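Asker: Just a sequence and a predicted model for now, questions to come.
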Amino acid sequence: SPPEPGNAHGCSPLATMEGTSTSKMLLYSAAAATGVAVAAAVLWARRTHAYEQYVPLQYQYRPGTISGWIAKALSRHSKQRRKQRPVRVYVDGCFDMMHYGHANALRQAKSVGDQLVLGLIPDSEIMRCKGPPVMNEEERYTLVEQVKWVDEVIRDVPYDLNPQFMQELFTKHRIDYVIHGDDPCLLPDGTDAYAHAKKLGRFVMVKRTEGVSTTDIVGRMLTCSRVNPIIASEPHPLAKSFSGADEALKNEASSSSTPRRTTLSCFLPTSRRLVQFSNGRTPEDGARIVYIDGAFDVFHPGHVAVLKAAKAEGDFLLVGLHTDEDVQARRGPHLPIMNLHERSLSVLACKFVDEVVI
């Protein structure tokens with residue numbers, strides 16, 4: 001019998017249509033399954049990224065899992081390596097008339113690494129680049145060596161970090177990073193003293209402490225001259241540069257017949273700053289506690305010697321600070337140069353002091 005009408009292979013049109021429909025259904029099903037898989041993968045990736053972004057690293061591992069065990073092993077290895085090869089950071093400066101702003105910069109620098117190496121610029125370099133310092137090199141060395149965050153002091157360092165000295169820091173002293181405040185440090189020719197360290201990528205910047213500087217302290221000392229009939233009626237002209245406002249001078253003059261000191265500090269004391277400077281230590285049972293009190297105004301090498309001798313008498317040194325009103329009553333209205341909270345930070349930065357009573 002003759003074949004049924006259809007294609008060349010003898011397939012009927014109905015069978016051909018059924019096969020095409022099945023192929024399309026399979027194709028659509030595969031495309032839908034692929035789309036669902038891709039959407040699930042994208043959603044999982046986004047959730048994982050958000051998890052890693054918002055959850056701190058130490059909380060991303062579950063206890064008892066392989067990742068948690070690996071994290072602990074890496075942490076132990078890191079601590080062991082830091083003991084064998086601690087991170088050493090370098091800070092240099094004049095540190096003339098050392099104050100709590102300098103100490104706060106050293107505290108921040110120490111937090112960057114494990115060991116803080118301080119470079120003390122000699123008098124000759126300061127004279128060449130800035131002019132004569134107020135304190136000589138031995139006095140400045142005494143003040144920086146007593147700061148509790150300083151581990152090592154290098155003397156006779158250059159004012160500018162030239163490539164030769166940078167190489168010496170990296171090789172001989174094994175320095176990893178050079179640190180300085182965010183205030184500009186320029187050479188006599190106007191170039192950046194830390195340009196080479198920045199170029200090598202070994203420079204770290206810390207925030208400058210607002211409200212204090214060596215220039216400001218010298219200005220306070222110049223304006224806080226002793227009261228005499230010649231200047232009692234008119235404040236010193238320099239007082240306007242360091243007091244903060246002329247109105248404060250007028251108010252003080254009109255509210256009291258007794259001349260008062262004309263300098264006003266811009267320092268804002270906070271509990272956070274005091275905690276940062278405090279050791280947080282308490283005397284152990286049976287410890288020999290030594291107490292010494294004083295004004296400790298404009299912290300200087302004489303204060304360091306007294307505190308060192310006092311600490312040698314016992315195990316725990318407690319320092320009491322006189323209030324501003326008490327200092328004024330005993331020393332006169334021109335003192336203290338630095339207020340109570342400024343003086344407390346200067347004393348707390350000393351490595352011989354364990355606690356301060358304000």
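Answerer: Cool, the structure landed.
Asker: only C-alpha atoms for contact and neighbour calcs from this point on.
Answerer: Fine.
Asker: Can you read off the pLDDT for the nearest residue to Ala349 once chain neighbours are set aside?
Answerer: Leaving aside its sequence neighbours, Ala349 sits nearest to Val147 (CA to CA, 6 or more residues apart in numbering; 5.6 Å). pLDDT for Val147: 95.
Asker: which phi and psi does Val147 have?
Answerer: phi -70, psi 130 (degrees, to the nearest 10).
Asker: So what's the residue count around it?
Answerer: 22 (other CA atoms under 10 Å).
Asker: which intervals of the stretch 151-300 of the chain have sub-threshold pLDDT?
Answerer: 224-269 (pLDDT under 70).
Asker: Where do the helices of this protein begin and end?
Answerer: Assigned by DSSP state H, the helices in the chain fall at 13-54, 66-84, 100-112, 123-129, 137-145, 163-171, 195-199, 214-223, 239-243, 246-255, 271-277, 301-311, 324-331, 340-348.
Asker: Would you mind putting these into TSV with distance to Val178 and mean neighbour count alongside?
Answerer: Formatted as TSV, the helices of the chain follow (distance: least, CA to CA, whole Å; neighbours: other CA atoms under 10 Å):
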stretch	distance to Val178	mean neighbour count
helix 13-54	30	11
helix 66-84	18	12
helix 100-112	9	21
helix 123-129	19	15
helix 137-145	17	19
helix 163-171	9	13
helix 195-199	7	15
helix 214-223	22	18
helix 239-243	32	19
helix 246-255	41	13
helix 271-277	22	13
helix 301-311	27	17
helix 324-331	38	14
helix 340-348	24	23
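Asker: Out of the ones you listed, the one nearest His180 is which?
Answerer: helix 100-112 (8.0 Å; CA to CA).
Asker: how far out from the middle of the chain is that closest one?
Answerer: Taking CA atoms, centre = their mean, to the nearest Å, the mean C-alpha location of helix 100-112 is offset from the chain mean by 5 Å.
Asker: Contacts for that helix, please.
Answerer: By CA atoms under 8 Å, 6 or more residues apart in numbering, the surrounding residues in contact with helix 100-112 are 89, 91, 95, 116, 147, 149-150, 179-181, 206-210, 212-213, 342, 345-346, 349.
Asker: So for this protein, the centremost residue is which one?
Answerer: For the chain, the residue nearest the mean C-alpha position is Gln108 (2.5 Å; CA atoms, centre = their mean).
Asker: For that residue, give its distance to Val157.
Answerer: 21 Å (CA to CA, to the nearest Å).
Asker: before we move on, the earlier item: the contacts of helix 100-112 in strands, which ones?
Answerer: Of these, the ones assigned to strands by DSSP state E are Val89, Val91, Leu116, Ile179, His180, Gly181, Val206.
Asker: Can you pull the poorly scored residue ranges out of the stretch 1-150 of the chain?
Answerer: In the stretch 1-150 of the chain (pLDDT under 70), the answer is 1-20, 42-65.
Asker: Apply 90 and report the result again.
Answerer: Scanning the stretch 1-150 of the chain for pLDDT under 90 picks out 1-85, 97, 100-101, 128-131.
Asker: next one: stretch 152-171 to chain centre, how far?
Answerer: Computed by CA atoms, centre = their mean, the chain-centroid distance of stretch 152-171 equals 22 Å.
Asker: got it, and stretch 106-126?
Answerer: Relative to the mean C-alpha coordinate of its chain, stretch 106-126 is positioned 13 Å out (CA atoms, centre = their mean).
Asker: Could you check how far Val38 is from Ala32?
Answerer: 10 Å.
Asker: burial of Val353, as a residue count?
Answerer: 21.
Asker: likewise the one 5 residues further on?
Answerer: Residue neighbour count, defined by other CA under 10 Å, stands at 12 for Ile358.
Asker: again, but for Val298
Answerer: Neighbours of Val298 using other CA under 10 Å come to 19.
Asker: who's in contact with it?
Answerer: Val298 makes contact with Met97, His99, Ile337, Met338, Arg343, according to CA under 8 Å, 6+ apart.
Asker: re the thing from before, okay if I get the ones in strands among the contacts of helix 100-112 as a markdown table plus distance to Arg81 and neighbour count?
Answerer: Shown next, in a markdown table, are the ones in strands among the contacts of helix 100-112 (distance: CA to CA, whole Å; neighbours: other CA atoms under 10 Å):
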| residue | distance to Arg81 | neighbour count |
| --- | --- | --- |
| Val89 | 17 | 26 |
| Val91 | 23 | 21 |
| Leu116 | 18 | 24 |
| Ile179 | 22 | 24 |
| His180 | 26 | 22 |
| Gly181 | 29 | 18 |
| Val206 | 26 | 17 |
